[in-house]
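**Student:** okay, here's the prediction I keep looking at, along with the sequence it came from:
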Amino acid sequence: MDVRPTKLAIIGAGAVGTAVAYASLIRGVARTIALMDINTAKVTAEVLDMSHGLEFVPRADIIGDDDVSVCADADVVVFTAGAKQRPGQSRLELAEATIGLTKKIMPGVLEVAPNAVYIMVTNPVDIVTYAALKYSGLPNSQLFGSGTVLDSSRLRFLIAQHCDVAVQNVHAYIVGEHGDSEIPLWSSASIGGVPLLHWKPLGSGEAIDAAARERIHHEVVHAAYKIIEGKGATNYAIGLAATRIVEAVLNNEHRVLPVSTVATGYEGLDDVCLSLPTIVDRGGARTRLEMPMSDDELSGLMRSAETLRGMQAKFGLQPFGRSE
C-alpha cells in the first residue's frame, strides 16, 4: 500500500526557521520541506543553498516562496516568524509585535493547511501559542508551543556536565513559562534510574547539592541571553528541539515532551499556556502527565502561571470562555 508522502511547512526563513529546515533535512523528517517568508530573496536563497546539499541527506525536496500556498496540505506547520530578540530584552517584551504578526499570518496558513498540526516556536512562545489558539479556533491538541523542550535539554546538558555522565541518561524537566519564571523539577529528576537528589558523585566529581542546583537553574534561565549577546540569536538547539517535536508527530511516537498547551483540568493552570510533560503523537499534544512535584515546585509553577496570566491580560488575551 502506498503511503502519502509527508510535508513539513515552516513559516519564517530567519535563523530559527532555517535551522529547523536544515535539521529536518539531515534527519530525514519529511519528504517535502516548505519554507515561507515575506522576504522573497532570502527564502529563495535559503532553499537554493540547502538544495545544493540534497545529495548528502535522506531523500527529500525543499521548496520555498513568499506566498502561503507553498504550505498547502502540510502535515505539520512550524511557526517561527516574529520580531527578533535584542540583547538584554526579555522574551515577554517581544509579545506585542509578534502577536500582531501571528494574527495576520495565521488565517492564510489555516486556509491551505487546515488539518496540519501547528507547532508555535516564536517567542514569547507561551503567549504567542495562547494568542494563536484564540485566533485560529483550533483545538488545544492540534496547536501547541515548543514550550520548555529546549530548556529541558539545556537542564539535562548542565546536569550531565556536572555529574560527568552522558546527557542521554539524564531525565529532568523544566515546566511552566519558557522564560524567567520557569521551574526545574528536581524532585523527579534522575540519572540512569537514580533519583538526582540521591546522586552520589562519581570518582572526583562534585555533589549536585542545593548550591549546584541553583547555579544550574540560573544558567538554564539565562542561557539564551548569553548566546544572543555573543551571536545575535539562538538557532541551532531550538532548530533541533523543534525538529524533535515534528518527528514525534509525524512518526506517531507517543513521546513525552514538555510542550506548551492550555493545561485544562489543572486547578490554577487552566487559563494559560505553559509547559508540562505531555504525550505527543500524530494527533498532536493530547495527554499531559500527572507529574509529582514538591510543594516548592508546585508553588513555583503557580507563580509562573500568574506571570503568564498577567502578560495575557496586558495584551487583551482574555481567558477562553470570556468575552474579549
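**Tutor:** Looks like it arrived, so ask away. Numbering: from 1, shown residues only.

**Student:** may I see the buried residues of stretch 241-254?
**Tutor:** 241-250, 253 (16 or more other Cβ atoms under 10 Å). Quick note: C-beta positions are derived from backbone N, CA and C, even for glycine.

**Student:** what's the answer for stretch 63-77, then?
**Tutor:** For stretch 63-77, by 16+ other Cβ under 10 Å, it's 63-66, 68, 70-71, 74-77.

**Student:** let's have those residues in TSV, adding distance to residue 35, pLDDT and secondary structure.
**Tutor:** Shown next, in TSV, are the buried residues of stretch 63-77 (distance: Cβ to Cβ, whole Å; pLDDT from 0 to 100; DSSP: H, G, I helix; E, B strand; the rest coil):
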residue	distance to residue 35	pLDDT	secondary structure
63	7	98	strand
64	4	98	strand
65	8	97	strand
66	10	96	coil
68	12	96	helix
70	7	98	helix
71	9	98	helix
74	11	98	coil
75	15	98	coil
76	14	98	strand
77	12	98	strand
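
**Student:** the residues you listed: which two are farthest apart?
**Tutor:** 66 and 75 (21.8 Å; Cβ to Cβ).

**Student:** out of the buried residues of stretch 241-254, which comes closest to residue 284?
**Tutor:** Among the buried residues of stretch 241-254, residue 249 lies closest to residue 284 (Cβ to Cβ), at 6.7 Å.

**Student:** that closest one: what's it in contact with?
**Tutor:** 75-76, 117, 119, 280-282, 284 (Cβ atoms under 8 Å, 6 or more residues apart in numbering).

**Student:** assumed residue 81 was part of a helix.
**Tutor:** No: going by DSSP: H, G, I helix; E, B strand; the rest coil, the assignment for residue 81 is coil, not a helix.

**Student:** which members of the buried residues of stretch 241-254 occur in helices, if any?
**Tutor:** Applying DSSP state H to the buried residues of stretch 241-254, the entries found in helices are 241-250.

**Student:** show me where the stretch 51-200 of the chain has its strands.
**Tutor:** Taking DSSP state E, counting those that start in this stretch as the test, the strands found in the stretch 51-200 of the chain are 61-65, 76-79, 117-120, 143-145, 170-171, 174-175, 183-184, 190-191, 194-195.

**Student:** ok, then the element right after the last one?
**Tutor:** What it means is strand 194-195. Next along the chain after strand 194-195, taking DSSP states H and E as the criterion, comes helix 210-231.

**Student:** re earlier: any quick PyMOL command for the buried ones out of the contacts of residue 249?
**Tutor:** To isolate the buried ones among the contacts of residue 249 in PyMOL, judged by 16+ other Cβ under 10 Å, type:
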select buried, resi 75+76+117+119+280+281+284
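
**Student:** want to throw the contacts of residue 249 into TSV with distance to residue 59?
**Tutor:** Below are the contacts of residue 249 laid out as TSV (distance: Cβ to Cβ, whole Å):
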residue	distance to residue 59
75	17
76	18
117	23
119	23
280	25
281	24
282	21
284	26
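
**Student:** count the residues that sit near residue 159.
**Tutor:** For residue 159, the neighbour count with other Cβ atoms under 10 Å is 27.

**Student:** quick check: the gap between the closest residue to residue 236 other than its chain neighbours and residue 255.
**Tutor:** Leaving aside its sequence neighbours, residue 236 sits nearest to residue 19 (Cβ to Cβ, 6 or more residues apart in numbering; 5.7 Å). According to Cβ to Cβ, to the nearest Å, residue 19 and residue 255 sit 20 Å apart.
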